[in-house]
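Sequence isn't available, so here's the structure alone:
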């Protein structure tokens, strides 16, 4: 259909304001039987005196005599005459004559008509000033009236002269300067005559020089005023009779205000009960009467105190934490979730596997089935002096999808965690820790298995001792002494290696043998194949078989690894050459304080590490108390039986060209080892090396016992969490906490936040049932007291937060949907204004903070009473005019919300802070959709009454979330249960103007300021309510021509070009622009509830030339 529009006329209204509610007919002064004042009677007496003949003492009358001398020349009468002088009549006469002369072609006739107006003004003004001359000199206004006479006469004469000398009257009347002079004249006359009002009142009240007859006349007027007031009270008496007597509707009584009080118990006093109606003194009210407050309920008082106030939240995928304790109760509002420091949430792995003191150390990780990019994480490990960061160049993702972390040999040792060294966390573990910090804390990562591989190459942080003592392995040494024999040997001690169950080791020994052979062996826990073939290999063959991929080294020690297999694993840059150092060397394992010999053991056989070390210790020479953690390489060969080497040496020395037997010398010695474990988070993990799992939390940590899967990120379900820690709390104690909120700071364009309360016991959070907690804050939207009973808890072993405190946690799903905090306080109670002395001392004014400071009757259990904040909630008695308004509306809506008229009046009556409200019936406006033809839906759009911000740019007439909730709760009790009600703020739009302006050339003017003036002028036009007390209206269509004219009419603007307008639609929940309508041809609000708000981003460019 043509002309079909989705707009519905009933939705396009402006709603109702507080001012529009009151019917003029309900005002007692709407109809007055006598509307005259004293000044009107004085002027009337002057006029009537001219019609009354005056008789002298002989009862004769003079036709030229009347009573005017008695009334016209009295000072009071003169001032009244001046004040009642009607300047508006002259203005109307001038405007009418100005229009009428356009029909007259005779210029002289036009001149006479206009001149006659100002001549009349001149004549009347002269008459009045002549009377002013007769005023008593004690009347102070006389001096002002006479001193102004010359200026006014000069102005009138100048206008008359201009009219007389001007050739064309029409041209003169179109002159800007002439019209300005006329307006100045009328302004001067109006100010001159209005200045007598105060003087006239003084004449009536305290002027002592009235003539007797005039004083009697004024006294009569005063008495007449009493009768007049009584007569004019007829309308009010009629209204009172109807509403109060017939309908029995009485004014609402005063509503008492409330205060929040804090009770500090006396020292060393047990918990006690402060009964309901305990009276507190509050000084005196404005009438001088004593003022008292009484507690509203029984309140348990104890020694519980707030010890900690913390919060953490997530912003742009970064977790932030804040200690709010220093901000608490400083009378300055603060956000519970400010822009604070980032906090780490991490996975901590603690294990002896990470104990690595030297060499080139490699850690491989695989979180199956996840394939993780190491660049998405930060890795830290417990170094010798501090936390050691594994830099980007030392981490990579291998082809096998393992995360490979390398710690170069130049770095110092990786040691067990120490709270003194590794600041930031306090973890109850004795093992080194690998800390894995996700850079994106919101991504959930779970794994089913965890593979950890450790490889250490070139380890020299170990101890080697021969039979003669400890040797320096960095220098050549004789492992079997100067005269070796069977039984001689050396001990290798490496706590780092022996801590790791099932680790594979390889010793690199470079001897001084003629062939420069190198020995390599392996330690394993199973029988290995015969290795005799290995020792016969030559240098070239083995050098060619080098393999560079270290990760292929077998790390599984549950089955044998042959020397052949190990020998093929040659590290990059190293050439290992194998030969027998000694034909037969015995490998011994320490058990129960001694080395045990195996019948089949040879140097190249397998070492069974059956008893691994379980404590971290320095590498020292073993003693009789040592149990394990050492091996001994001992000489056992027929060539060295008894003293055979010495005998051979002596015999060789006797020859003429002796070839002495060589003493074995080790030129260099180091160790490499590897170990690998696969953790499945099941009971089978108990047979592997110890691995402890921790989640690093914002204020502590959590030890994990994963079953079948492991999460890399702590479970932090809400966007923000607030923690409050209490000391001295015992199960069963009553806990009352005052939450003082900065009401109105929550984002009113969003739904209220979902709040849940939990308490901590051990390391587990337990939800508090809503029925077990008394919440007066409406979900942290207003100030109020939280009451609960402390449940059973035990936090002596707590690690996720500081221990030995009772912790409450508040979970918030949206950060900006709760108000800012002012303070939280323990031992709080609410008290109400109480007429304790029965002297009618009801609510008159709010009570300032720190007024209530003591009980009416002292209590030895109470040390101090404190009132930290102003009282709230009080309401003065209803005035008669308010009764008339409320009763008039009540007769129509009958306290039921049915029509739009009902909804709007009921809200405005109950909520004075609402300035305007608009009811949209059959209108659906929620998070799902917007529809103006939805039966059963009712949408209410309220607008705030007063400014809520000091700056125009910040202010939007939005009501607080708590007020919106109160409105909804109130209306839901009054409307049909089938109504689906929605309370929403208005939609905000901005207008952005872009143009180029040529300013007029004004000497010494700073044209840079003109742009700011234009912006303010534009904003005043679009949003006048933001700059003064004008009514706040919903937006209407604006023609571009009106904006162009507005700018062009500014006195400093010459012309404008390139004028464009953009219409900006703001997000329903935020202040960001979600839609921009560029270069619109007319400004049309996009909804029925749009409000144009000021915009400081107008683009106004100055034109420097005429081009």
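Arrived safely, thanks for sending. Keep in mind that what you see is a predicted model, and the values were worked out from it rather than measured.

from the chain's centre, how far out does stretch 137-145 sit?
Put simply, stretch 137-145 sits 62 Å off its chain's centre (C-alpha atoms, centre = their mean, to the nearest Å).

quick one, what contacts the spatially most central residue of the chain?
In the chain, the residue lying closest to the centroid (C-alpha atoms, centre = their mean) is residue 335, at 4.4 Å. Contacts for residue 335 (C-beta atoms under 8 Å, 6 or more residues apart in numbering) come out as 820, 821. Quick note: C-beta positions are derived from backbone N, CA and C, even for glycine.

ditto for the one 3 residues further on
Contacts of residue 338 were listed using C-beta under 8 Å, 6+ apart, and they are residue 322.

tally of neighbours for the closest residue to residue 860 other than its chain neighbours?
Closest residue in space to residue 860, ignoring its immediate chain neighbours: residue 266 at 6.6 Å, by C-beta to C-beta, 6 or more residues apart in numbering. Residue crowding around residue 266 was assessed by other C-beta atoms under 10 Å; the count is 14.

which residues in the stretch 51-200 of the chain form helices?
68-71, 75-83, 87-100, 107-133, 141-147, 149-165, 169-173, 176-194, 196-206 (DSSP state H, counting those that start in this stretch).

helices or strands next to the longest one in the packing?
Right, the one you point to is helix 107-133. Packing partners of helix 107-133 (3 or more C-beta pairs under 8 Å, 6 or more residues apart in numbering; DSSP states H and E): helix 75-83, helix 87-100, helix 141-147, helix 149-165, helix 169-173, helix 176-194.

any idea which of these is most buried?
With neighbours defined as mean count of other C-beta atoms under 10 Å, the helices and strands packed on helix 107-133 peak in mean count at helix 75-83, which reaches a mean of 24.

quick one: contacts of that helix?
For helix 75-83, the surrounding residues in contact (C-beta under 8 Å, 6+ apart) are 39, 42-43, 45-46, 71-72, 128, 131-132, 134-136, 139, 141, 145, 192-194, 196-197, 199-200, 203-204, 207, 209-210, 214, 218.

follow-up on the earlier one: per-residue pLDDT, the residue nearest to the centre of the chain?
Among the per-residue scores, residue 335 shows a pLDDT of 92.

same thing with residue 305?
With respect to pLDDT, residue 305 scores 95.

Also residue 238?
pLDDT, residue 238: 91.

Wasn't it part of a strand?
No. Residue 238 sits outside any strand when classified using DSSP: H, G, I helix; E, B strand; the rest coil, being helix.

That one and residue 246: what is the separation?
The spacing between residue 238 and residue 246, counted by C-beta to C-beta, to the nearest Å, is 11 Å.

Residue 842 now?
27 Å.

Residue 670 now?
Counting by C-beta to C-beta, the gap from residue 670 to residue 246 is 111 Å.

The two: who's more crowded?
Neighbours per residue, other C-beta under 10 Å: of residue 670 and residue 246, the larger number sits with residue 670, 19 against 9.

Could you look up the SS state of the more buried one?
Relying on three-state DSSP, one would call residue 670 strand.

shaky segments in the stretch 101-250 of the chain?
By pLDDT under 70, the stretch 101-250 of the chain has no low-scoring segment.

residues in contact with residue 27?
By C-beta under 8 Å, 6+ apart, residue 27 lies in contact with 235, 881.

Read off the pLDDT value for it.
Note for residue 27: predicted pLDDT of 87.
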